[in-house]
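J.: I would like the atomic coordinates for the input below:
(chains A and B)
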Amino acid sequence: MIRKYLAMLRRSIGLTLEYRAGILIWMLVNVMPLVMLAVWYALAEDGPIAGYSQIDFVSYYLLLTWVRQMTNVWVIWELDYEIRHGDLSSKLLHPINPIHEYIAFHLSDKLFRFVVLLPLAILAWFIFPGIHYDVTPITLTLFLAAMVISFLMRFVSQFSFGILSFWISSSTTLHEIWFAASMMLGGIVAPLDLFPESVRAIANYLPFRFMLSFPVEIVSGRLSPADIAAGFAVMITWCVFFFVLYRWLWAKGLRQFGAFGA
Amino acid sequence: MRYLKLLSVFYKYSILKELEYRVNFLSHAFMSAFWLVWGVVGVSVFFLHRDKMGDWTFPEVLMVIALFTLFNGVMESFLRPNVGAVIEQIRDGTFDFVLTKPVNAQFISSFRNIVVWRLVDVLIGILLLVYALGQLHVTPTLMQIGFFLLMLISGTAIVYSIWLMMVSLAFWFVKIDNITELFYAFYEAGRYPVTIYRGFVRVLLTYIVPIAFVTTFPASALLGRIDQTTTLVGFIFAIGSLIASNRFWNFALRYYASASS
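T.: As a prediction, this is how the structure comes out:
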């Protein structure tokens, strides 16, 4: 499997480099968290908001932007297109589940983005020398683990939405609602600490928080070890749930696809 | 006159084509309402912690959101379908057919298509605008409405110019079909009054990617916060950008290489 992945990665890195201009534009498109940062930064001029000072907002949103770049997923567009145009058929002939080809493409994209973002991150440190994170070997490990699981969760859940294209033509519209919810409750519009207590209590059990803001929260120093443990428990439960959902939908979808004669 | 006639033919044909996909209307209407609610909930989070956003109260910010939605409808109906078509024509070489028509190429490229369903955004934007004005107990004077309309027209002209320049870039860089997404990313910042932003960001949104002209300034005009001078400056800015973008388009046209060569 590792050898297969290496081969697929080599191929998709080539693809990524070919589309580098497009990917750079897509990276710029992901500036939404920075817009929110600009707004909160101005609002926090007269004093901290719910414990967040101006520099806390900067720390939070810069890392959130980074995590978003490293975990963003667009597989639904590819899957939807390939199902509707029948391109998926040829991929199904390959001796490997197509999901791995999509994952490999995403991974090489992450590699590219990492290389582009590294100098920018260092630059940000110079512009805002006050940004601070609670970095210990333990939190760092947990942060990285959470980021990887976030990526998997986003990937598998979005893939499941994409599979719906076997039956309906509006799977991307359905996913738009999901996307809107994840911006609201995933910590982009505001850090979850700034929502009313009742909303936060619900958000802690919904998947959206774990697809984006949870890794950032881990190194923010605002979570107790118990919070982190509880977070991981919920996160892994959702991840397993989406994986089972994907397996189930995929099996059903393929049967539908075959019956369709495409 | 001839161009007006052409325009009506273009739109009639587009609308007939769209009527085949009537279900789209429902899903667009639903999504428009959904995003509007989303936007209102989003700013409510700010107002949980602060009474004002850059000197704007909640109903006043609602006006900005209303204009954001309204103008989004304008872009989605009139601009996006054309820009998408032109970029594709440049890529596969069918732009040749546009050039060989005895009509100005910029005219065809800008007004050939319309997606009527997205005018729903315009409608719900206006509804929210009226609601917000009711909440504020403000009845704009005729003069303020005049400034508002003038600002809106100037803003439309400015944004159209930006889109035209983005399309022109496609004559050099064929693979930039996502450049319009970049504009939308900046447009997101127009959800909030531009006065909230500081320093460079505000300059960027006022003069470089002048989104303030389509959301914040028309709202200010209705609230009577903008004087003749600002309106006039906006109007001159609009004319200037129309001329500049037209020049740029004509310049870029010379680099069109068709597909086969």
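J.: show me the contact partners of stretch B:80-87.
T.: Contact partners of stretch B:80-87, identified using CB atoms under 8 Å, 6 or more residues apart in numbering or on different chains, comprise B:14, B:95, B:98, B:109-115, B:163, B:166-167, B:170, B:176-177, B:180. All C-beta atoms are positioned from the backbone trio N, CA, C, and that covers glycine.
J.: around chain B, pick out the residues from the stretch 151-262 of chain A.
T.: Within the stretch 151-262 of chain A, the positions near chain B by CB under 8 Å from any CB of the partner chain are A:170, A:173, A:176-177, A:180, A:184, A:189-190, A:194-196.
J.: spatially nearest residue to the residue positioned nearest the centre of chain B (excluding sequence neighbours)?
T.: Ranked by distance to the mean C-alpha position of chain B (CA atoms, centre = their mean), the top residue is B:M75 at 4.2 Å. In space, and not counting its chain neighbours, B:M75 is closest to B:V159: 6.9 Å by CB to CB, 6 or more residues apart in numbering or on different chains.
J.: cool, B:Y131 as well?
T.: Nearest non-adjacent residue to B:Y131, counting by CB to CB, 6+ apart: B:L62, 7.4 Å away.
J.: check that neighbour and give its pLDDT.
T.: In this model, B:L62 is scored at 94, pLDDT.
J.: same deal with A:A262?
T.: pLDDT at A:A262 comes out at 49.
J.: quick revisit: distance between the helix or strand containing the residue nearest to B:Y131 and the chain's centre?
T.: Here B:L62 sits within helix B:58-74, counting by DSSP states H and E. The chain centre lies 12 Å from the centre of helix B:58-74; the measure is CA atoms, centre = their mean, to the nearest Å.
J.: which strands and helices sit next to it?
T.: Where contact means 3 or more CB pairs under 8 Å, 6 or more residues apart in numbering or on different chains; DSSP states H and E, helix B:58-74 is packed against helix B:22-49, helix B:119-136, helix B:142-169, helix B:216-222.
J.: quick one: buried residues of that helix?
T.: B:58, B:60-74 (16 or more other CB atoms under 10 Å in any protein chain shown).
J.: tell me the one among these nearest to chain A.
T.: B:V61 (10.9 Å; CB to the nearest CB).
J.: right, and the closest one touches B:D55 too?
T.: No. Contact criterion CB atoms under 8 Å: B:V61 and B:D55 do not qualify, at 10.4 Å.
J.: still on that earlier bit, okay, and which of the residues of the stretch 151-262 of chain A next to chain B map to helices?
T.: Among these, the members falling in helices are A:173, A:176-177, A:180, A:184 (criterion: DSSP state H).
J.: could you dump the residues you listed into a markdown table with distance to A:R10, pLDDT and neighbour count added?
T.: Output for those, formatted as a markdown table (distance: CB to CB, whole Å; pLDDT from 0 to 100; neighbours: other CB atoms under 10 Å in any protein chain shown):
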| residue | distance to A:R10 | pLDDT | neighbour count |
| --- | --- | --- | --- |
| A:T173 | 36 | 87 | 15 |
| A:E176 | 34 | 91 | 17 |
| A:I177 | 37 | 92 | 14 |
| A:A180 | 37 | 93 | 18 |
| A:M184 | 39 | 92 | 19 |
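J.: need the pLDDT of the closest residue to B:S220 other than its chain neighbours.
T.: Nearest residue to B:S220 in three dimensions, chain neighbours excluded: B:I226, at 4.6 Å (CB to CB, 6+ apart). Predicted confidence (pLDDT) for B:I226: 83.
J.: pretty sure the residue nearest to B:Y131 contacts B:V41?
T.: No. Between B:L62 and B:V41 no contact is recorded; they are 11.9 Å apart, counting by CB under 8 Å.
J.: how near is the residue lying closest to A:P48 once chain neighbours are set aside to chain B?
T.: Leaving aside its chain neighbours, A:P48 sits nearest to A:D56 (7.3 Å; criterion: CB to CB, 6+ apart). A:D56 sits 14 Å away from chain B, going by CB to the nearest CB, to the nearest Å.
J.: give me the common contacts of B:V61 and B:D55.
T.: Shared contacts of B:V61 and B:D55, counting by CB under 8 Å, 6+ apart, come down to B:P193.
J.: quick one: A:F57 from B:H137, how far?
T.: Separation of A:F57 from B:H137 (CB to CB, to the nearest Å) stands at 35 Å.
J.: okay, those two: which has more neighbours?
T.: A:F57 (24 against 7; other CB atoms under 10 Å in any protein chain shown).
J.: wait, that one touches A:E45, no?
T.: No. Between A:F57 and A:E45 there is no contact under CB under 8 Å: 10.8 Å.
J.: tabulate the CA atom coordinates of the helix holding B:L62 in CSV.
T.: The C-alpha atoms that make up helix B:58-74 are tabulated as CSV, following Å, rounded to 0.1, in the frame of the first residue of the first chain:
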residue,chain,number,x,y,z
PHE,B,58,-27.4,46.5,14.2
PRO,B,59,-30.2,47.6,11.8
GLU,B,60,-27.7,49.8,10.0
VAL,B,61,-25.4,46.8,9.5
LEU,B,62,-28.5,44.9,8.2
MET,B,63,-28.7,47.5,5.5
VAL,B,64,-25.1,46.7,4.4
ILE,B,65,-25.9,43.0,4.4
ALA,B,66,-29.0,43.7,2.4
LEU,B,67,-26.9,45.5,-0.2
PHE,B,68,-24.4,42.7,-0.1
THR,B,69,-27.1,40.3,-1.0
LEU,B,70,-28.7,42.6,-3.6
PHE,B,71,-25.4,43.2,-5.4
ASN,B,72,-24.5,39.5,-5.2
GLY,B,73,-27.7,38.9,-7.2
VAL,B,74,-26.6,41.5,-9.8
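J.: so that helix versus helix B:22-49, what angle?
T.: 150 degrees (axes from the mean of the first three to the mean of the last three CA atoms, to 10 degrees).
J.: low-confidence ranges in the stretch 151-262 of chain A?
T.: Along the stretch 151-262 of chain A, the parts satisfying pLDDT under 70 run over A:259-262.
J.: give me that answer again for 50
T.: Applying pLDDT under 50 to the stretch 151-262 of chain A flags residues A:262.
J.: which stretches in it count as helices?
T.: A:171-185, A:197-203, A:208-211, A:213-218, A:225-260 (DSSP state H, counting those that start in this stretch).
J.: most tightly packed of these?
T.: helix A:213-218 (a mean of 26; mean count of other CB atoms under 10 Å in any protein chain shown).
J.: elements contacting that one?
T.: Packing contacts for helix A:213-218, counted by 3+ CB pairs under 8 Å, 6+ apart, involve helix A:54-71, helix A:137-163, helix A:225-260.
J.: residues contacting B:M165?
T.: B:245, B:248-249.
J.: can you give me the strands in the stretch 1-150 of chain A?
T.: With DSSP state E, counting those that start in this stretch as the definition, the stretch 1-150 of chain A shows no strands.
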